[in-house]
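Peer 1: below is the sequence, then the predicted model.
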Amino acid sequence: MLGYSSVMRHLRVALLQLKVGKSKQENVSRAIDKLRGIVSDHGPKSPSWTGKNKNLLCILPECFNSPYGVKYFNEYAETIPDGFTCNELSKAVKELGIYLIAGSIPERETAGSSTLYNTCTVWAPDGTIIGKYRKMHLFDIDIPGQIRFQESETLSPGNALTAIQIDEAKIGLGICYDMRFEELARIYRNDGCNFLVYPGAFNMTTGPLHWTLLQQGRATDTQSYVATVSPARDESSEYVAYGHSSIIDPWGAIMVDADAEETYVVKDLDFGVCEKVRAQIPISKQRREDIYKTLKVTF
Ligand SMILES: NC(=O)CC(=O)C(=O)O
């Protein structure tokens with residue numbers, strides 16, 4: 001019984017920090033080629049498979065089929081699940097036998113509609129979608145002289161949380177700017193999640209300051225694993241992504257940081273660690289909901 005539960009607690013996770021360019025077809029086929037490479041080196045039939053894992057979960061970056069910029073979203077948007085990108089992903093996960101959190105793509109609500117979202121789809125090895133999440137907090141910031149970005153000029157916010165179960169991992173989804181909102185992570189934690197996944201594309205202003213700090217914060221708050229997946233840094237693009245796709249463990253320690261170039265990283269996550277941290281530092285039982293609820297904010 002002990003052996004069985006320890007087998008089931010491990011999930012192998014691969015983050016693909018993809019180079020994203022202007023051709024949608026090339027972006028999608030490049031992602032799928034890279035996934036083939038990951039599966040051949042780290043999938044269940046590879047020599048590196050530990051025997052502890054049941055499944056391989058691969059994760060793509062935010063906006064992996066389109067340049068990240070408000071002027072591109074309408075041109076690149078597709079309906080889900082019948083657009084080009086979803087068709088290709090469905091075939092790929094079936095061929096490769098993997099779970100896939102497909103970063104995000106610009107989504108058109110229905111054919112002919114002008115309503116667009118920044119949307120993450122989650123795929124099972126049988127080629128079906130098992131989750132869909134629309135970015136809830138839009139990235140609208142203005143730091144004079146550094147960066148102004150207003151996703152709300154072309155995108156609408158999603159209004160629903162999405163959690164999915166893969167083996168022992170209960171995964172709460174967010175996209176990039178969502179990581180700044182601790183309430184979202186708290187709701188996922190309260191709902192039993194032990195893994196938070198944020199495809200993201202921070203930039204060269206906010207990335208060095210906040211990217212790792214926020215992930216460590218969310219991991220420490222929720223005593224969960226946190227993974228982020230960014231596009232690779234491309235100094236020649238209009239929006240320069242920070243890179244540094246990472247996994248943070250439930251203690252808040254950095255397990256892996258992919259730096260800036262196109263690459264992938266693979267880690268085996270043991271969800272027994274969440275239980276240990278939660279038992280040893282039992283903050284979720286020590287929360288003073290009685291005070292938080294009645295506290296009058298006077299400022
Ligand atoms: N791109 C984003 O959604 C968020 C970001 O870059 C930031 O919060 O900084």
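Peer 2: Sure, I can see it.
Peer 1: and stretch 268-275, how far out from the chain's middle?
Peer 2: Distance, stretch centre to chain centre, for stretch 268-275: 18 Å (CA atoms, centre = their mean, to the nearest Å).
Peer 1: which element, helix or strand, includes residue 16?
Peer 2: strand 10-17 (DSSP states H and E).
Peer 1: partner strands of that strand and their direction?
Peer 2: strand 53-59 (parallel), strand 263-270 (antiparallel) (DSSP bridges).
Peer 1: which stretches of the stretch 151-299 of the chain form strands?
Peer 2: 163-166, 169-173, 195-199, 225-229, 246-248, 254-257, 263-270 (DSSP state E, counting those that start in this stretch).
Peer 1: turn the ones you listed into a markdown table, including mean neighbour count.
Peer 2: C-beta here means a position set from N, CA and C on the backbone, and glycine is covered the same way. Below are the strands of the stretch 151-299 of the chain laid out as a markdown table (neighbours: other CB atoms under 10 Å):
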| stretch | mean neighbour count |
| --- | --- |
| strand 163-166 | 17 |
| strand 169-173 | 24 |
| strand 195-199 | 28 |
| strand 225-229 | 29 |
| strand 246-248 | 26 |
| strand 254-257 | 16 |
| strand 263-270 | 19 |
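Peer 1: what's the closest of those strands to residue 83?
Peer 2: strand 195-199 (17.6 Å; CB to CB).
Peer 1: that closest one pairs with which strands?
Peer 2: Applying DSSP bridges, one finds strand 195-199 paired with strand 169-173 (parallel), strand 225-229 (parallel).
Peer 1: so which of these gets nearest the ligand?
Peer 2: strand 225-229 (10.7 Å; CB to the nearest ligand atom).
Peer 1: quick one: average pLDDT of the closest one?
Peer 2: In this model, strand 225-229 has an average pLDDT of 99.
Peer 1: got it, and stretch 83-96?
Peer 2: On average, stretch 83-96 scores 98.
Peer 1: then stretch 16-25?
Peer 2: 98.
Peer 1: check contacts around residue 118.
Peer 2: 62, 63, 73, 104, 106, 107, 134, 135, 138, 151, 155, 175 (CB atoms under 8 Å, 6 or more residues apart in numbering).
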